[in-house]
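Visitor: What follows is a protein structure lacking sequence information:
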Ligand SMILES: O=C(O)CCC(=O)C(=O)O
Ligand SMILES: [Fe+2]
């Protein structure tokens, strides 16, 4: 696993770092001097070229590097992922064009119109770090929507999870952005294909059959979140407050060259995930941490845009098919290593985390009233 030479520790931060993660609101002491632990100070790079090889030995060599990175860091830079550069360029243009639309066009697509919480979310609408005034970013979210023909969704999805006709994705009119939907789908489908290869590498890294985890991927919850971060002017602003993702994993395409994404190591020092052209930043989410009985780590991260420039990024999130029960993987527990977590349906997990982070969204309020979703009382106070 070749360490990236360009990621560096940027600051030691305050005495404590607070964050928002599966286990509730966390707080970690910043370690200094001889209290410091042996932990990562760079983000490793993994070349995925051999993940596409017909030789199992080649694929296992990539899987080993993925396993090392996910056990020790929870983050890696993926190169050799095969996503065409021209598609990445066109996607970046599409992202910029979306955010350049007049505000009145963007708010027509507001997430409050969508029970699935897809669409446009304005600046400061979320607040992952309660010590700030909110997350200084605007977003456009798209995810699973069986009505979108581009997704070729199975016909027998659970109607409780995907009520027929329910508003999910919301797209800007083609007259305004003729190529937008097409380009975002082309990108999303390429990332979904790469994700399936990454899932195979994860299976091998955990000594599972290479295809063992495919049973979770009949219609995985794959979503893209387009993000624009204006330059921060207020001193304690953040682009996104410190948090862990609730996915299986996230693939972030940093579309602009200036550093802003930071990853928390065991000393509670922030390690910069400096953008590296034509790589994806891959990180383990809380759901995969749980399914591996904490063998893989879901690492806290944040975005701080002090560059004086606008930043654009594009995370892609992967979570298993909503109607599957996710067990602790069989190689991750045994007599000497008891299971720490109950099995949980992907739908329950997704809703619990999504609604906690969007506490005032109409779908979140309705689910709470109906007693349909278990809430983590530690995290709900954070959601706006
Ligand atoms: O913009 C980024 O680089 C990361 C965004 C992120 O952490 C998230 O959307 O969960
Ligand atoms: Fe994240």
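Guide: Arrived safely. Note that the coordinates shown come from a computational prediction; the quantities given were computed from them, not determined experimentally. Ligands and ions are numbered 1, 2, ... in the order given.
Visitor: quick one: residue 127 and residue 241 touch, right?
Guide: Yes. The criterion here is CB atoms under 8 Å, and residue 127 meets it with residue 241 at 6.8 Å. For the C-beta atoms, the positions are set from N, CA and C on the backbone; glycine is no exception.
Visitor: what touches both of those two?
Guide: Counting by CB atoms under 8 Å, 6 or more residues apart in numbering, the shared contacts of residue 127 and residue 241 are residue 135.
Visitor: Show me what from the stretch 151-300 of the chain comes close to ligand 1.
Guide: Within the stretch 151-300 of the chain, the positions lying close to ligand 1 (CB under 6 Å from any ligand atom) are 225, 227, 240, 245, 252, 254, 261.
Visitor: out of the residues you listed, who's nearest residue 217?
Guide: The nearest member of those to residue 217, counting by CB to CB, is residue 245 at 18.0 Å.
Visitor: Hmm, residue 286 and the closest one touching each other?
Guide: Yes. Between residue 245 and residue 286 there is a contact under CB under 8 Å: 6.7 Å.
Visitor: Where does pLDDT dip in the stretch 201-350 of the chain?
Guide: In the predicted model of the stretch 201-350 of the chain, no residue satisfies pLDDT under 70.
Visitor: all strands for it, in order.
Guide: Secondary structure of the stretch 201-350 of the chain (DSSP state E, counting those that start in this stretch): strands at 221-229, 240-243, 249-254, 261-264, 270-272, 280-284, 301-303, 311-319, 325-326, 344-345.
Visitor: So what are the sheet partners of the fifth one and their directions?
Guide: Right, the one you point to is strand 270-272. Sheet pairing of strand 270-272 (DSSP bridges) gives strand 9-11 (antiparallel), strand 261-264 (antiparallel).
Visitor: What segments of the stretch 1-150 of the chain are strands?
Guide: 2-3, 9-11, 16-21, 24-29, 44-47, 75-79, 119-121, 138-142.
Visitor: Could you dump the ones you listed into a markdown table with mean pLDDT, distance to residue 200 and mean neighbour count added?
Guide: Below are those laid out as a markdown table (pLDDT from 0 to 100; distance: least, CB to CB, whole Å; neighbours: other CB atoms under 10 Å):
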| stretch | mean pLDDT | distance to residue 200 | mean neighbour count |
| --- | --- | --- | --- |
| strand 2-3 | 37 | 21 | 14 |
| strand 9-11 | 44 | 33 | 14 |
| strand 16-21 | 78 | 27 | 20 |
| strand 24-29 | 73 | 31 | 14 |
| strand 44-47 | 98 | 14 | 21 |
| strand 75-79 | 98 | 14 | 24 |
| strand 119-121 | 97 | 33 | 25 |
| strand 138-142 | 98 | 25 | 22 |
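Visitor: closest to ligand 1 out of those?
Guide: strand 138-142 (7.9 Å; CB to the nearest ligand atom).
Visitor: and that closest one, anywhere near ligand 1?
Guide: No. On the criterion CB under 6 Å from any ligand atom, strand 138-142 is out of touch with ligand 1, staying 7.9 Å away.
Visitor: Can you give the strand pairings for that strand, parallel or anti for each?
Guide: strand 119-121 (antiparallel), strand 221-229 (antiparallel).
Visitor: and the first one, how far from the chain's centre?
Guide: Mean-position distance between strand 119-121 and its chain equals 17 Å (CA atoms, centre = their mean, to the nearest Å).
Visitor: now what about it, what contacts it?
Guide: 106-107, 109-111, 113, 138-141, 169-170.
Visitor: Setting aside sequence neighbours, what's the nearest residue to residue 320?
Guide: Of all residues not flanking residue 320 in the chain, residue 216 sits nearest, at 3.6 Å (CB to CB, 6 or more residues apart in numbering).
Visitor: do residue 185 as well
Guide: That would be residue 150: by CB to CB, 6+ apart, it lies 4.3 Å from residue 185.
Visitor: can you pull the contacts of the closest residue to residue 232 other than its chain neighbours?
Guide: Of all residues not flanking residue 232 in the chain, residue 305 sits nearest, at 5.3 Å (CB to CB, 6+ apart). The neighbours of residue 305, taking CB under 8 Å, 6+ apart as the test, are 136, 229-232, 239, 258, 260, 311.
Visitor: Then residue 151?
Guide: 144-145, 219.
Visitor: could you redo the last one with a cut-off of 7 Å?
Guide: Counting by CB atoms under 7 Å, 6 or more residues apart in numbering, residue 151 touches 144-145.
Visitor: quick one: it from ligand 1, how far?
Guide: 21 Å (CB to the nearest ligand atom, to the nearest Å).
Visitor: closest point of the stretch 151-300 of the chain to ligand 1, which residue?
Guide: Of all residues in the stretch 151-300 of the chain, residue 261 sits closest to ligand 1, at 3.9 Å by CB to the nearest ligand atom.
Visitor: doesn't residue 271 make contact with that residue?
Guide: No. Residue 261 is not in contact with residue 271 according to CB atoms under 7 Å; the separation is 9.8 Å.
Visitor: any idea whether the residue nearest to residue 114 when sequence neighbours are not counted is helix, strand or coil?
Guide: Distances taken as CB to CB, 6+ apart place residue 167 nearest to residue 114, at 5.0 Å, with adjacent residues excluded. Assigned by DSSP: H, G, I helix; E, B strand; the rest coil, the conformation of residue 167 is coil.
Visitor: Residue 167: how many residues sit nearby?
Guide: With neighbours defined by other CB atoms under 10 Å, the count for residue 167 comes to 14.
Visitor: which residues does it contact?
Guide: Taking CB under 7 Å, 6+ apart, one finds 113-115 in contact with residue 167.
Visitor: Return the member of the residues you listed nearest to ligand 1.
Guide: Taking these together and measuring to ligand 1 by CB to the nearest ligand atom, the closest member is residue 114, at 17.8 Å.
Visitor: Counting neighbours, what do you get for that closest one?
Guide: Neighbours around residue 114, by other CB under 10 Å: 22.
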